[in-house]
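# sharing a sequence plus its predicted fold:
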Amino acid sequence: MDSRPLLISNATVFDATGGPARPNTSILIEEGRIAAVTPAAGQGTHEGATLIDGTGKFVIPGLIDMHVHVELSGGEDALPAWLGTGVTSVRDVGGAPANLIPLRDAINAGTKTGPRVFTYGPLLDGTPPIFGAAAGALAPRGGIDPGSLTWTIADAATAEQAVDELIARGVDGFKLYAGLRPDLVRAFLERIDGRLPVTGHLSRTWASEAIEMGINCLEHVHATIYQDVVPPEFRHPREEGNGFIPNYWTWLNTGWANADLGADYVKRFVELLVSRGVALSPTTVLITGGMATREALDEPGLKYTPRGLTQRRAAQMEQARRLREEAEKAGRPLPPPMALEGADAEMGQRARAKQLEFLRMVYEAGGTVVPSTDVGAAPNQVPGFSLHRELALFAEAGIPNAAVIELATRHAARVLRKDDELGTLAPGKRADLLLLTKDPLADIHNTRAIETVVKDGVAYAPQPLLERAVAGG
């Protein structure tokens, strides 16, 4: 690893601190951190530094994907894919602690190459759990098992035990899952007591209930906030939501397509979300991979799907084929498909439009919406490239390009409680940044025009990383 200082000279720098882009600016990096951000005219020679000429180019902070599943994305195979697409940090919100924490620590120690990983531990689910035996890698082994992606929690005492175990193991936060009822959500939040951030993919507990209890973040605009936003006649019974309601995606799309976002109860929910400072991690791009619409299937970056993820998806397809075949022979109801088959295209487009409108409402009300993807768990998504699609959806929703970048950098770092280290280009911060050949403030799609990725002061060319992900390792 090259330990010499790195100087990016004479670029246009958008530092994500809230101000405008600064032309003719240089960034000096020393020992993995930003040492100075200065006008190029006064940068000095910095003898011994590696020089990158930024003339005509643009620099932004490294991107943060706030909802991934590293193990389900291919594990180590996926790490170079994120880094090669400019994602320098990821928040893992569902992974086996026994596997993910050592991987996180190895990346931090520099013995493995990849984005910085913040692990929120396993899916903390209720009973019966959302995923059963047909769910493959997500299927719980029962109880508190450090090697499982899902821990099933039956009572408050077990919730408290799980919190203590995960804090002792060194997680960065917690992920509460859809099968938890309000009493267990409260038990978790009381035991955690603000020591670490808590997010939730909820169903048996309404989002508004969790906000009142003190949760910090909500996952999935399409699902978690559904009960608070769609008209009452489209809501589902508490016990019949995620994983337990037939044709779940048809149900979600229909409810969202018919949402009245001007209704008083929606306005009250947005006010509650914003006033309590709760972030929304919407994974908006997820629905575009076959759940509501299908445009993500045209993503050029799918050719860079990591080897481990390709293998897992092939195994999933074979398992689904076998389960459907067995059910058909036995005369049992067929298990639901991984993605919505024969989706009502018009209904899906309406649902998509309403969800984007809701994101803009939250943003314009002063709320925090952090870009996220659910890569690994969501069909037809790919590490890194799907985050760039998510940024484009934010811009389509009407959020200004500068704000979109800030949401994926400075605000994401704040939700992680790491804004003292990450998210902006300022002296003392970790040197995570992207050198782009096109202006992302003019067109958000230009976040893809990456010439160089810098993470912890080390510069990488994107293409070798992407090819490494496909090859494995």
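Looks like it arrived, so ask away.

# so which residues of the stretch 101-250 of the chain form helices?
156-169, 182-192, 207-213, 226-229, 248-257 (DSSP state H, counting those that start in this stretch).

# just the CA coordinates of the longest one, formatted as PDB?
Right, the one you point to is helix 156-169. The C-alpha coordinates for helix 156-169 follow below in PDB (Å, rounded to 0.1, in the frame of the first residue of the first chain):
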ATOM      1  CA  ALA A 156     -38.800  -9.500  26.500                       C
ATOM      2  CA  ALA A 157     -36.200 -11.400  28.400                       C
ATOM      3  CA  THR A 158     -34.800 -12.900  25.200                       C
ATOM      4  CA  ALA A 159     -34.800  -9.400  23.600                       C
ATOM      5  CA  GLU A 160     -32.700  -8.100  26.500                       C
ATOM      6  CA  GLN A 161     -30.300 -11.000  26.200                       C
ATOM      7  CA  ALA A 162     -30.000 -10.400  22.500                       C
ATOM      8  CA  VAL A 163     -29.100  -6.700  23.000                       C
ATOM      9  CA  ASP A 164     -26.500  -7.600  25.600                       C
ATOM     10  CA  GLU A 165     -25.000 -10.300  23.400                       C
ATOM     11  CA  LEU A 166     -24.800  -8.000  20.300                       C
ATOM     12  CA  ILE A 167     -23.300  -5.000  22.100                       C
ATOM     13  CA  ALA A 168     -20.700  -7.400  23.600                       C
ATOM     14  CA  ARG A 169     -19.800  -8.600  20.100                       C
END
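
# between that helix and helix 182-192, how big is the angle?
Relative orientation of helix 156-169 and helix 182-192, computed by axes from the mean of the first three to the mean of the last three CA atoms, to 10 degrees: 40 degrees.

# how about low-confidence regions in the stretch 351-473 of the chain?
For the stretch 351-473 of the chain, applying pLDDT under 70 flags the ranges 473.

# do the stretch 51-200 of the chain as well
132-142.

# ranges for the strands of it?
Using DSSP state E, counting those that start in this stretch, the strands of the stretch 51-200 of the chain run over residues 58-61, 63-68, 87-92, 116-119, 123-125, 150-152, 174-176, 198-200.

# please enumerate residues in contact with the fourth one?
Read that as strand 116-119. 70, 88-92, 95, 97, 100-101, 103-104, 107-108, 171-173, 416, 418, 422, 432, 455 (CB atoms under 8 Å, 6 or more residues apart in numbering). Just so you know, the C-beta spots here come from the backbone N, C-alpha and C atoms, and that holds for glycine as well.

# same question for stretch 202-218.
By CB under 8 Å, 6+ apart, stretch 202-218 touches 126, 130, 176-182, 185-186, 189, 194, 197-200, 223-225, 227-228, 238-239, 241-243, 269, 272-273, 276-281, 370, 415.

# any of these buried? List them.
The neighbour-count test (16 or more other CB atoms under 10 Å) marks 126, 130, 176-180, 182, 185-186, 189, 197-200, 223-225, 227-228, 241-243, 269, 273, 278-281, 370, 415 as buried among those.

# so what's the residue count around Glu451?
Neighbourhood size, Glu451 [other CB atoms under 10 Å]: 16.

# ok, now Ala257?
Ala257 has 21 neighbouring residues, counting by other CB under 10 Å.

# where's the closest residue to it other than its chain neighbours, which helix or strand?
Leaving aside its chain neighbours, Ala257 sits nearest to Arg350 (3.7 Å; criterion: CB to CB, 6 or more residues apart in numbering). According to DSSP states H and E, Arg350 maps onto helix 345-364.
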